[in-house]
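let's see this in three dimensions:
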Amino acid sequence: MVTMKDLLGELLFHIIFLLVQSSGGAEEFARIITVCRDFLLYAEDKSILRVVNFDVKMEPVNFHRFQNIKGLLVKCSEAGNESAQHVLGKVIMLSSTHLFLRKWQPVRSSLAPLDRSMLDCWIPDTNIPAQNNRVRSFMTYFSPIHVYRSKFSSTRLVHRHLVKLFLLNGSHYDFIEMYVFLKYCIKYFMAMGVTREDRRLIASIKLLYIRALCVTSLEKLDKTKESFNDYFRGVREFLEVKAKNLDRNFENLYWDLMENSNEMAVENRVLLTQYMQKCVTVGVNWQEALNDMNFVEALREDMGNRLDEAYTGFGITRAMTLDQFERKFG
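As a prediction, this is how the structure comes out:
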């Protein structure tokens, strides 16, 4: 016989089931399960854990709070929650980068500017004992030997598998955000030294990052006619200033412009490249084309085709990188 208590319990279950799938579901769920013991029981229900929405943005200020092997993120990941596994993969990459920096202590001043700025922002200090112990303990939980020895090995996750899932499912935005940490994570896994195949994998990751940047830039250029015109205005102003007094053959002019365009936004550099190449293809003087509205409109229409090509290139590079990762780590 169904009682009022049963109905309330079933209603509460459905309310929580819907709540955890909403925007900010993970944070809301983490908040309510601390309210009372009855709510805490739902944190063990796999049907709920599998659908909790982890659409969260990690930042340096909150990154370390995810390094909790008994926390909601790990529980949901082990229940098969794909969005939780995606976030956990990012945490694994940040944590392994921390350990790599701690072990090898590379001179940061010798690193590429992008690497140095990202590492200084996210992992500024690897000399804090308590923090090092926490990161090491967190990563040990996901090491293959500890997972295979666990009586819960059927649900436990290996750190390299989580990185593999990130490679498989990450968007181009994810690869731009995590490129530096993905690279150092791979170096951490290599441990015993870098082979020719390892260098090939690192190079493939860099190419994937470049492809991701290209896709993102072309998306912005192809978004609306107004956005394209804004970017093209920047390219026109750059050319009018930088190339006004240049009297050279096109090839030398092209490379001179590319070298001098480093201060431009990525989107402007992409558009500048497409502009100069189209001038050659059509056989139009690059100075005259600046004010040719038909030429500029045709260039804008080209962006859609370029974007399709960029998506294809990104997909091919992802598959290549994933294949190399599997060859190395399984």
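
for the chain, give me the ranges with low pLDDT.
1-8, 151-153, 192-194, 242-264 (pLDDT under 70).

could you chop it up by domain?
1-53, 58-193, 220-314 (automatic domain parsing).

could you pull out the helices for the stretch 151-300 of the chain?
Assigned by DSSP state H, counting those that start in this stretch, the helices in the stretch 151-300 of the chain fall at 159-169, 172-190, 196-222, 225-242, 250-259, 266-282, 286-289, 293-329.

and the residue nearest to Glu27 when sequence neighbours are not counted, which helix or strand is it part of?
Closest residue to Glu27 apart from its sequence neighbours, by CB to CB, 6 or more residues apart in numbering: Val56 at 7.0 Å. All C-beta spots, glycine's among them, are computed from the backbone N, C-alpha and C. According to DSSP states H and E, Val56 maps onto no helix or strand at all.

could you do the one 3 residues further on as well?
Using DSSP H and E, Glu59 maps to neither a helix nor a strand.

would you list the phi and psi of it?
Per-residue torsions, Glu59: phi -140, psi 160 (degrees, to the nearest 10).

do the one 10 residues further on as well
Geometry field for Ile69 lists phi and psi as phi -70, psi -20, criterion degrees, to the nearest 10.

mind listing what it touches?
Applying CB atoms under 8 Å, 6 or more residues apart in numbering to Ile69 gives the contacts 137-138, 141.

try 7 Å
By CB atoms under 7 Å, 6 or more residues apart in numbering, the contact set of Ile69 is 138, 141.

thought Leu322 was touching Leu168?
Yes: shown here, Leu322 and Leu168 form a contact pair, counting by CB atoms under 7 Å, at 6.1 Å.

and Ser22, which of the three is it?
Using DSSP: H, G, I helix; E, B strand; the rest coil, the structure places Ser22 in coil.

from Ile123, how far off is the residue nearest to it when sequence neighbours are not counted?
Counting by CB to CB, 6+ apart, Asn53 is the residue found nearest to Ser22 once chain neighbours are left out, at 6.5 Å. According to CB to CB, to the nearest Å, Asn53 stands 27 Å off from Ile123.

more crowded one of the two?
Ile123 (23 against 20; other CB atoms under 10 Å).

how close does the more buried one get to Ile176?
Applying CB to CB, the value for Ile123 to Ile176 is 18 Å.

quick one, which of the helices of the stretch 151-300 of the chain is nearest to Asn132?
helix 172-190 (14.1 Å; CB to CB).

what is that closest one packed up against?
helix 82-104, helix 113-122, helix 196-222 (3 or more CB pairs under 7 Å, 6 or more residues apart in numbering; DSSP states H and E).

next helix or strand past the second one?
Proceeding C-terminally, helix 113-122 gives way to helix 129-141 as the next helix or strand, assigned by DSSP H and E.

and the next element down the chain from that following helix?
Next along the chain after helix 129-141, taking DSSP H and E as the criterion, comes helix 144-149.

with mean neighbour count and distance to Leu299 added, can I get the helices and strands packed on helix 172-190 in TSV?
Formatted as TSV, these follow (neighbours: other CB atoms under 10 Å; distance: least, CB to CB, whole Å):
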stretch	mean neighbour count	distance to Leu299
helix 82-104	22	37
helix 113-122	14	29
helix 196-222	18	10
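
including distance to Arg156, could those helices go into a markdown table?
Converted to a markdown table, the helices and strands packed on helix 172-190 look like this (distance: least, CB to CB, whole Å):
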| stretch | distance to Arg156 |
| --- | --- |
| helix 82-104 | 12 |
| helix 113-122 | 26 |
| helix 196-222 | 25 |
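
for Ser154, find the nearest of the ones you listed.
Nearest of the helices and strands packed on helix 172-190 to Ser154, taken as CB to CB: helix 82-104 at 15.5 Å.

packing partners for that closest one?
Packing partners of helix 82-104 (3+ CB pairs under 7 Å, 6+ apart): helix 72-78, helix 129-141, helix 159-169, helix 172-190.

winner for burial among those helices?
Stretch with highest mean neighbour count among these: helix 72-78 (a mean of 23; mean count of other CB atoms under 10 Å).

mind giving me the packing neighbours of that helix?
Helix 72-78 packs on helix 25-32, helix 82-104, going by 3+ CB pairs under 7 Å, 6+ apart.

in TSV: these, plus distance to Arg116.
Compiled in TSV, the helices and strands packed on helix 72-78 are given as follows (distance: least, CB to CB, whole Å):
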stretch	distance to Arg116
helix 25-32	32
helix 82-104	11
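
the ones you listed: which one's closest to Gly304?
helix 82-104 (29.1 Å).

next, the angle from the closest one to helix 172-190.
Here the directions of helix 82-104 and helix 172-190 differ by 40 degrees (axes from the mean of the first three to the mean of the last three CA atoms, to 10 degrees).

now helix 82-104, how far from the centre of its chain.
Helix 82-104 sits 12 Å away from the centroid of its parent chain (CA atoms, centre = their mean, to the nearest Å).

what of stretch 62-69?
For stretch 62-69, the distance to the chain centre is 18 Å (CA atoms, centre = their mean).

also stretch 180-196?
Put simply, stretch 180-196 sits 17 Å off its chain's centre (CA atoms, centre = their mean).
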